[in-house]
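S.K.: Structure for the following, please:
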Amino acid sequence: MQLSRATGVPLYRQVSDALGERMTSGRWQPGDRLPSEAELGVEFGVNRLTVRQAISELVRCGRLHVRQGVGTFVAESVPPIDIEVATLTVEASVARTTGAFSANGWRVGETVLGRDEHEDPEARAQLGDPAGPLHRIRTMTLANGEAWILSSYWVSATLGADLEAVPEGNVFAGLERVHGRLHYAWRSFSATAATVDDATHLHVPVGSPLLVREGLNRGEDGRPATYVHRRARADRARFVLRHPEG
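M.R.: Next comes the predicted model:
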């Protein structure tokens with residue numbers, strides 16, 4: 001297959017599109033091993049670096065995965081989980097998110113990666129510049145044992161010691177035992193590229209697209225309680241806002 005150098009579309013993108021079409025059409029199935037970079041280079045009439053860049057794009061999108069020393073394989077097709085965005089209590093929102101995973105047949109749980117003192121300017125500002133150090137819990141949301149969402153929760157120093165009692169599996173339940181019932185103050189949504197730390201925890205290549213969801217929760221007294229920052233694999237999740245009928 002010969003590529004067009006007159007279209008203005010980078011050659012690696014043309015190769016990436018052609019490989020993607022083979023997966024979409026069913027010519028290549030999940031688990032199939034791709035030809036070598038050298039073989040693909042001959043087929044498309046490009047050098048191995050161009051092929052490698054095309055493959056890297058598909059790896060970042062979650063369509064291919066590389067087994068070091070073995071080869072490159074077509075990844076299993078995993079439909080993104082819909083995480084609903086709504087004005088709800090935190091408890092109801094967590095239940096909806098868990099339900100979204102369950103509806104797709106995924107076993108979901110949140111694992112605590114660590115608890116520490118960690119300064120973050122945005123977290124401090126959102127929590128009202130409390131006295132003393134900020135305390136953070138880092139967690140990983142796993143679905144069927146696969147890493148999906150890397151989260152950080154910040155609270156003020158006055159509540160830091162209580163974080164030791166926050167259990168595995170449902171961090172918000174533990175935070176509500178510390179704060180009382182939590183309510184959303186605001187949420188924002190954006191996108192970013194995976195850092196080395198993200199890539200290590202989420203098992204994706206550096207530079208892979210991630211969805212960012214962050215926000216502030218208030219306690220029953222209306223005061224800032226918990227600042228949350230989540231980084232989700234963009235090939236595994238999407239945020240959905242549903243408008244009421246009528």
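
S.K.: Flag the helix or strand of this protein with the lowest per-element mean pLDDT.
M.R.: Every helix and strand of the chain was ranked by mean pLDDT, DSSP states H and E. The lowest is strand 81-84, at a mean of 66.

S.K.: From the centroid of the protein, which residue is nearest?
M.R.: Centroid-nearest residue in the chain, with C-alpha atoms, centre = their mean: residue 232, separated by 1.5 Å.

S.K.: and the gap between it and residue 100?
M.R.: Noted for residue 232: a distance of 12 Å to residue 100, by C-beta to C-beta, to the nearest Å. Every residue, glycine included, has its C-beta placed from N, CA and C.

S.K.: And residue 206, by the same measure?
M.R.: 28 Å.

S.K.: same question, residue 193
M.R.: In this view, residue 193 and residue 100 are 25 Å apart by C-beta to C-beta.

S.K.: where does the protein dip in pLDDT?
M.R.: 1-2, 78-96, 157-170, 178-179, 241-246 (pLDDT under 70).

S.K.: all helices of it, in order?
M.R.: 11-24, 37-44, 48-60, 90-103, 121-126, 171-179, 196-202 (DSSP state H).

S.K.: Who has more neighbours out of residue 206 and residue 100?
M.R.: A direct count of neighbours by other C-beta atoms under 10 Å for residue 206 and residue 100 places residue 100 higher, at 17 against 13.

S.K.: Kindly state the domain boundaries assigned to this structure.
M.R.: 11-74, 81-240 (automatic domain parsing).

S.K.: out of those, nearest to residue 4?
M.R.: Closest of the domains of the chain to residue 4 is domain 11-74, at 7.1 Å (criterion: C-beta to C-beta).

S.K.: what's the span of that closest one from first residue to last?
M.R.: End-to-end distance for domain 11-74, by C-alpha to C-alpha, to the nearest Å: 21 Å.

S.K.: what do you get for stretch 38-55?
M.R.: Start-to-end span of stretch 38-55 (C-alpha to C-alpha) is 13 Å.

S.K.: what number of residues lie near the nearest residue to residue 134 once chain neighbours are set aside?
M.R.: Once flanking residues are discounted, residue 134 sits nearest to residue 154: 5.1 Å by C-beta to C-beta, 6 or more residues apart in numbering. For residue 154, the neighbour count with other C-beta under 10 Å is 23.

S.K.: how close does the nearest residue to residue 215 once chain neighbours are set aside get to residue 138?
M.R.: Ranked by C-beta to C-beta, 6+ apart and with sequence neighbours excluded, the top spatial neighbour of residue 215 is residue 187, at 3.8 Å. Separation of residue 187 from residue 138 (C-beta to C-beta): 19 Å.
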